[in-house]
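Here you go, sequence then predicted model.
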Amino acid sequence: MNNSLMDRTPPQNLEAEQSTLGSMMIDSTALNVGAGILQRDDFYRDAHSEIFASLIRLAEAREPVDIVTVQEDLRQHGKLESVGGTEYLMALIDSVPTAANIEYYSGIVRNKSKLRRIIDICALTISEAHGDIDNVEQVVENLTHRAMATYRDKEIKYAPLRDYVQDAFETIERWYHEKKQVSGIPFGIPSLDRITTGAQPGWYYLIGARPGEGKTAMMLQHIKAGTKAGYKCGLFSIEMSAQDLVLRLFCVASGVGSLSMRTGNIPDNAWGSIVDAATEISRMNVEVRDLEKQNVHSLPIIARQMLIRNKVDWFCLDYLQLVEGDSKHAKTQREQINQISGTIRDLCRELNKPWVVAAQLNRNNQSRDDSRPKLGDFKESGNLEQDAVSALLLNNPPPKEHVSIHQPRKAEIIIAKARFLPTAVLPVMWDGQNQKFFDIAEDADGEPMPEPDESQSRHWQGETWG
């Protein structure tokens with residue numbers, strides 16, 4: 001790299017910094033605006049950083065902010081002379097005739113700070129790349145994580161609880177006026193949507209099932225419902241290719257069974273439904289990451305790219321145990337699953353988007369009298385049940401005797417964990433022909449069901465369902 005680039009003066013605008021501080025000293029509204037946009041380390045000049053810190057101290061102490069109080073505060077902290085004394089404070093005030101442009105000045109200061117941070121990130125990445133690194137993807141993940149934090153202004157902040165009260169109150173007020181049964185991204189099963197209120201921002205959902213019991217089907221049903229409601233999905237499909245995924249969606253959307261479609265035994269009168277299905281699938285707003293292998297380091301990189309480039313609203317992953325862990329830092333399969341789950345949990349918080357993740361259950365239930373799956377049944381479970389905000393377990397075992405695929409059978413969706421919301425066992429029907437779940441009181445086409453009888457919802461009581 002050309003060393004002259006590293007020797008250049010970092011991006012800064014001292015006039016904008018002066019105008020920002022002057023505006024904040026002459027107008028209390030400007031003080032609040034500037035404090036909401038900037039942080040102390042956004043200022044390039046150390047003296048300006050110290051003056052900003054003084055303004056914030058006075059504001060937090062509910063003291064008046066003017067030339068006299070700022071001067072006294074800086075004197076008490078031993079900084080008055082180093083910032084230029086009273087004369088410099090007066091010059092800052094004289095530099096702005098009005099505080100009306102505070103947002104514009106602060107924006108310039110903030111953008112210059114971001115550019116300096118980008119330079120620091122690049123320098124750190126160069127240092128890492130020159131080091132003893134055998135995991136290139138780790139370097140890339142570090143780079144994208146730091147860049148994303150800068151892009152989204154996700155610096156670590158400490159704030160009193162009262163600062164969050166207004167936002168929470170406005171959220172409650174909005175819920176009251178909207179009265180939506182589903183405020184999040186719908187799962188596509190009315191009884192489940194009523195209890196969960198849909199997938200919520202920043203929450204981590206697990207869909208657990210044994211092989212062949214419908215976890216991918218339920219995820220596709222969720223994606224179909226979410227995109228129909230106007231949301232955009234970022235899908236990591238590891239278990240099946242994008243082509244297989246679309247063929248499966250054709251079966252779901254058209255009502256033509258998979259066997260009939262693959263063998264070409266499609267009734268002539270079904271082609272209208274297939275054409276309609278093609279239109280419906282084409283309108284589904286889904287960005288698909290179609291890879292046979294996905295590892296714990298590439299997952300965050302791609303998710304951040306999807307968010308920035310494609311503006312996705314939520315993420316789906318099918319399925320968790322197929323993601324490769326970092327064997328260098330996590331030796332056992334259980335440790336790797338913990339590592340992968342922790343990465344997804346952190347991404348939920350960082351990106352503030354829902355993650356709906358399919359995961360396999362083990363066969364421990366087969367040795368119990370009560371064969372319903374439980375939280376501890378996740379394969380190589382580790383911290384899965386702790387990391388997730390909500391866990392949906394499917395109890396949909398194949399019948400012991402031969403039953404026609406055309407005949408829907410009873411199944412259960414067990415809400416085994418639901419932070420802030422009730423747990424329950426939801427009786428549903430499984431339509432194997434069309435690979436979808438529907439409520440008992442619906443038909444296979446998902447016609448609206450009447451309001452549920454609350455007595456039919458059984459709640460978790462320790463280790464049993466009551």
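Perfect, thanks for sending it. Residues are numbered from 1 along each chain as shown.

My guess is Glu287 contacts Phe236. True?
No - the pair Glu287 and Phe236 does not pass the contact test of CB atoms under 8 Å, sitting 9.9 Å apart. Yep, even glycine has a C-beta here, placed from its N, CA and C like the rest.

Tell me which of these two has more neighbours.
Phe236 (26 against 17; other CB atoms under 10 Å).

most centrally placed residue in this protein?
The chain has Lys353 as the residue nearest its centroid, 2.3 Å off, counting by CA atoms, centre = their mean.

Now do Ile302 against Leu347, distance only.
Ile302 is 11 Å from Leu347, where distance means CB to CB, to the nearest Å.

hang on, the earlier thing: got a list of what the residue nearest to the centre of the chain touches?
201-202, 307, 312-315, 347 (CB atoms under 8 Å, 6 or more residues apart in numbering).

measure Met429 to Pro422 for me?
22 Å.

Actually, Ile119.
Taken as CB to CB, the span from Ile119 to Pro422 is 50 Å.

can you give me the strands in the stretch 301-450 of the chain?
314-318, 323-324, 355-360, 390-395, 409-418, 424-431, 436-439 (DSSP state E, counting those that start in this stretch).

Quick one: end-to-end distance for stretch 39-50.
Using CA to CA, to the nearest Å, the end-to-end distance of stretch 39-50 comes to 11 Å.

Just the buried residues of that stretch, please?
In terms of neighbour count (16 or more other CB atoms under 10 Å), stretch 39-50 has its buried residues at 39, 42-44, 47-50.

three-state assignment of Met240?
The three-state assignment at Met240 reads coil, by DSSP: H, G, I helix; E, B strand; the rest coil.

Please report phi then psi for it.
phi -130, psi 160 (degrees, to the nearest 10).

so what are the domain limits for this protein?
3-129, 180-465 (automatic domain parsing).

Worst mean pLDDT among those?
Mean pLDDT values for the domains of the chain show the minimum at domain 180-465, a mean of 77.

Show me what the top helix by length along the chain packs onto, helices and strands only.
Taking DSSP state H as the criterion, the chain has its longest helix at helix 102-130. Applying 3 or more CB pairs under 8 Å, 6 or more residues apart in numbering; DSSP states H and E, one finds that helix 102-130 makes contact with helix 14-26, helix 28-37, helix 136-151.

redo that, cut-off 10 Å
Under the contact criterion of 3 or more CB pairs under 10 Å, 6 or more residues apart in numbering; DSSP states H and E, helix 102-130 touches helix 3-7, helix 14-26, helix 28-37, helix 136-151.

Tell me the buried residues in it?
Neighbour-count burial for helix 102-130 [16+ other CB under 10 Å]: 102, 105-106, 108-110, 112-113, 116-117, 121-122, 125.

now swap in stretch 409-417 and tell me
Neighbour count says stretch 409-417 has 411-417 buried, by 16+ other CB under 10 Å.

So which of the strands of the stretch 301-450 of the chain is nearest Lys224?
With respect to Lys224, and counting by CB to CB, the nearest of the strands of the stretch 301-450 of the chain is strand 436-439 at 8.9 Å.

tell me which element the residue in the chain sticking out farthest from the centre falls in.
For the chain, the residue at maximal distance from the C-alpha centroid (CA atoms, centre = their mean) is Glu87, at 49.4 Å. In the assignment (DSSP states H and E), Glu87 maps to helix 85-94.

Can you tell me what sits against that helix?
17-26, 47-48, 51, 54, 66-68, 70-71, 74-75, 80-81, 83-84 (CB atoms under 10 Å, 6 or more residues apart in numbering).

Swap in 6 Å and give it another go.
18, 21-22, 25-26, 67, 71 (CB atoms under 6 Å, 6 or more residues apart in numbering).

what's the answer for stretch 212-219, then?
Outside stretch 212-219, the residues touching it (CB under 6 Å, 6+ apart) are 207, 209, 316, 318, 358, 394, 396, 435.

Can I get it in CSV? Just the C-alpha atoms.
What follows is stretch 212-219, C-alpha atoms only, in CSV (Å, rounded to 0.1, in the frame of the first residue of the first chain):
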residue,chain,number,x,y,z
GLY,A,212,-39.5,-36.2,7.8
GLU,A,213,-42.0,-34.5,10.2
GLY,A,214,-42.4,-31.2,8.4
LYS,A,215,-39.8,-28.6,9.6
THR,A,216,-38.9,-27.6,6.1
ALA,A,217,-42.6,-27.6,5.1
MET,A,218,-43.5,-25.3,8.0
MET,A,219,-40.7,-23.0,7.2
